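# Predicted model and sequence follow; I will ask about them next.
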Amino acid sequence: LQLKSENSKTIWNAGEVPEGSEFDDTWDPREQPEYEILFKQQVGTEDVFFGMSRKDPSTACCEDMVIKIKLPETKFSDITLDIQDKVLDLRTPQKKLLLHLPCPVDSKKGKARFLSEEELLEVTLRMTREFDFINFA
């Protein structure tokens with residue numbers, strides 16, 4: 001049995017191309033900015049004082065991913081940011097960052113803020129995970 005392709009000249013199908021590869025440009029001379037990835041969780045008194053939930057300080061119990069990107073000598077109006085479920089693409093006239101995220105996020109429910117005093121872009125993204133005994137809410 002031979003599967004027939006929609007277009008006989010294609011050498012791969014769309015499912016084989018990793019998400020975000022359309023942004024990957026090896027010839028781009030812009031340097032990559034410094035960045036760090038942090039994880040954040042929402043806790044209440046029942047978690048901190050009473051230990052009533054199953055939450056612990058590990059990243060497995062975190063709901064949000066925070067990416068802090070240093071952008072010296074950059075204006076807010078020069079920043080272009082594109083978020084997909086597994087990829088963050090940031091571009092300025094001097095810097096470019098194509099970041100494959102460590103876990104999938106909800107690309108529609110993120111928020112970003114630029115701290116001009118610190119020359120720092122802070123992007124907060126809600127992680128999407130399979131529900132298990134830890135991630136049940």
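Received, thanks. Numbering: from 1, shown residues only.

# Please work out the average pLDDT along stretch 128-137.
Averaging pLDDT along stretch 128-137 gives 60.

# And for stretch 84-94?
Averaging pLDDT along stretch 84-94 yields 93.

# for stretch 29-48, same thing?
The average pLDDT for stretch 29-48 rounds to 79.

# Would you map the helices across the protein?
Taking DSSP state H as the test, the helices found in the chain are 45-48.

# Strands along that one, start to end?
Here the chain has its strands, by DSSP state E, at 35-40, 64-70, 80-83, 87-91, 96-100, 111-115, 120-126.

# how about a markdown table for the ones you listed, with distance to K9 and mean neighbour count added?
Using the backbone N, CA and C atoms, a C-beta is placed for each residue, glycine as well. Converted to a markdown table, these look like this (distance: least, CB to CB, whole Å; neighbours: other CB atoms under 10 Å):
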| stretch | distance to K9 | mean neighbour count |
| --- | --- | --- |
| strand 35-40 | 39 | 14 |
| strand 64-70 | 39 | 19 |
| strand 80-83 | 29 | 15 |
| strand 87-91 | 27 | 21 |
| strand 96-100 | 28 | 17 |
| strand 111-115 | 40 | 13 |
| strand 120-126 | 38 | 19 |
